[in-house]
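In: Sequence first, then the predicted structure, then my questions.
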Amino acid sequence: MSMAENKALRKHWWVIYGVVLTVLAYNLICHYFDAQIQYDIGDDKRVLIRTLLYIAAIALLPLTNLLRFVLIRLNQTMPGDKTAEDRYFTTIVWTQLVIELIASFGLIMFILGDGDNTLYIFSVMALLGAGLHRPKQQDLDSIKAALQTPNHVPKGGR
């Protein structure tokens, strides 16, 4: 990767770093404050909430992939004056917000009285999602190519 390509994706990578730092902060806060921030809502309610959040997290990972695909296609086809880098930055921000939501599930469950394992599971899922949906030069290049080609319709279109 050339220096120019690295520079084009620099702000995109800062979003990823922000997600990783937030997940780290969640874990440090939970370990530092531990019982001080936990509420005991009862096992039955906690197990139900945990199950629903696991289902949501498991569903959100592939839905985030779909969201990314749709946003990249929109970046390639929507008219406007925004640069390819800015369009792709919006895609990265939205996909990472969904991934950050998964990380917050671990924090929520910890506050509701669940243990470290649940926090770790949601944290690892979020970090996995952040890694899977990291900025890719190939995606940015496809957006740039589409914006330079008049009346470009990506494969699978029309």
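Out: Ah, there it is.
In: what ranges do the helices span in the protein?
Out: Secondary structure of the chain (DSSP state H): helices at 3-8, 10-33, 43-77, 84-111, 116-132, 137-148.
In: Against which helices or strands is the third one packed?
Out: Counting by 3 or more Cβ pairs under 8 Å, 6 or more residues apart in numbering; DSSP states H and E, the packing neighbours recorded for helix 43-77 are helix 84-111, helix 116-132, helix 137-148. In short, each C-beta sits where N, CA and C put it, glycine included.
In: is it possible to export the ones you listed to CSV including mean neighbour count, distance to residue 11 and mean pLDDT?
Out: Output for these, formatted as CSV (neighbours: other Cβ atoms under 10 Å; distance: least, Cβ to Cβ, whole Å; pLDDT from 0 to 100):
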stretch, mean neighbour count, distance to residue 11, mean pLDDT
helix 84-111, 20, 6, 97
helix 116-132, 18, 16, 96
helix 137-148, 16, 12, 94
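In: Out of these, flag the one nearest residue 29.
Out: Closest to residue 29 of these is helix 84-111 (Cβ to Cβ; 7.7 Å).
In: tilt between the closest one and helix 137-148?
Out: 140 degrees (axes from the mean of the first three to the mean of the last three Cα atoms, to 10 degrees).
In: begin at 59 from here
Out: Yep, numbering from 59; the last one is helix 142-169 now.
In: Now residue 98, what are its backbone angles?
Out: With angles defined as degrees, to the nearest 10, residue 98 sits at phi -100, psi 110.
In: Reformat the helices and strands packed on helix 101-135 as JSON lines; add distance to residue 64.
Out: As requested, those are exported to JSON lines (distance: least, Cβ to Cβ, whole Å):
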{"stretch": "helix 142-169", "distance to residue 64": "12"}
{"stretch": "helix 174-190", "distance to residue 64": "18"}
{"stretch": "helix 195-206", "distance to residue 64": "9"}
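In: quick one: which of those is nearest residue 88?
Out: helix 142-169 (4.7 Å).
In: by contact count, what packs against the closest one?
Out: By 3+ Cβ pairs under 8 Å, 6+ apart, helix 142-169 packs against helix 68-91, helix 101-135, helix 174-190, helix 195-206.
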